[in-house]
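sequence first, predicted coordinates after that:
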Amino acid sequence: MPPAPAARDRRATPFEIFFDLVFVFALTRIMALIGQPPTLVAMAQGLLLLVLLWIAWGSYTWLGNQTPADVGVVRAGVLVGMAALFVAALVMPQAWSPGPGLDGPLLLALAYVLLRVVHLTLYHWAAGSVPGLRPPAPAPSMRRPGTGATGSPPMPTARPTCC
């Protein structure tokens, strides 16, 4: 069952503000990557991380506006996302320098993928209660006769060749 929609006049909760602080921490780690004095390559790498961070922040902001982020399953998912973002922020200064042990680029990529997968899962679940955000799947009776399960034509069968 999808979560109840958030009230339009509700205020940010301490939980949501703490999540925003984790994003701010990630931003400070991007600045550590750029370094002093900044180089053109480091600035481009920092800009790429900043764009990824902005996309993630905007996505979780939408989720917090759609449903209360500090209740039930959404809270658990946001906590997992927060932990993934924290791990990603910790390794951001080593994002382009592989090293011994846990690899910085690999750890950053895995943490970011987990952050996005958690968001997309929560989005899919929360969007179920908002008309138009998640279109319904076509009913089986709406499929054309002679088509496969996905509505595409069936695959042709190979004909045996003659002598």
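Arrived safely, thanks for sending.

report the mean per-residue pLDDT for the helix or strand where Trp54 lies.
In this assignment (DSSP states H and E), Trp54 forms part of helix 40-66. The average pLDDT within helix 40-66 is 91.

quick check: what element follows it along the chain?
Trace forward from helix 40-66 with DSSP H and E and the next one is helix 72-91.

need the contact partners of that next one.
For helix 72-91, the external contacting residues (CB atoms under 8 Å, 6 or more residues apart in numbering) are 3, 15, 18-19, 22-23, 25-26, 29, 56, 60, 63, 67-70, 102, 104, 107-108, 111-112, 114-115, 118-119, 121-122, 125-126. Yep, even glycine has a C-beta here, placed from its N, CA and C like the rest.

just the CA trace of it, in PDB.
Extracted C-alpha coordinates of helix 72-91, given in PDB (Å, rounded to 0.1, in the frame of the first residue of the first chain):
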ATOM      1  CA  GLY A  72       7.600   3.900   8.300                       C
ATOM      2  CA  VAL A  73       9.100   2.300   5.200                       C
ATOM      3  CA  VAL A  74      10.100   5.700   3.700                       C
ATOM      4  CA  ARG A  75      12.100   6.500   6.800                       C
ATOM      5  CA  ALA A  76      14.000   3.200   6.600                       C
ATOM      6  CA  GLY A  77      14.700   3.700   2.900                       C
ATOM      7  CA  VAL A  78      15.900   7.300   3.500                       C
ATOM      8  CA  LEU A  79      18.200   6.000   6.300                       C
ATOM      9  CA  VAL A  80      19.800   3.500   3.900                       C
ATOM     10  CA  GLY A  81      20.100   6.300   1.300                       C
ATOM     11  CA  MET A  82      21.700   8.600   3.900                       C
ATOM     12  CA  ALA A  83      24.200   5.900   4.900                       C
ATOM     13  CA  ALA A  84      25.100   5.400   1.200                       C
ATOM     14  CA  LEU A  85      25.500   9.100   0.700                       C
ATOM     15  CA  PHE A  86      27.700   9.400   3.700                       C
ATOM     16  CA  VAL A  87      30.000   6.600   2.400                       C
ATOM     17  CA  ALA A  88      30.100   8.200  -1.000                       C
ATOM     18  CA  ALA A  89      31.000  11.600   0.600                       C
ATOM     19  CA  LEU A  90      33.800  10.000   2.600                       C
ATOM     20  CA  VAL A  91      35.500   8.700  -0.500                       C
END
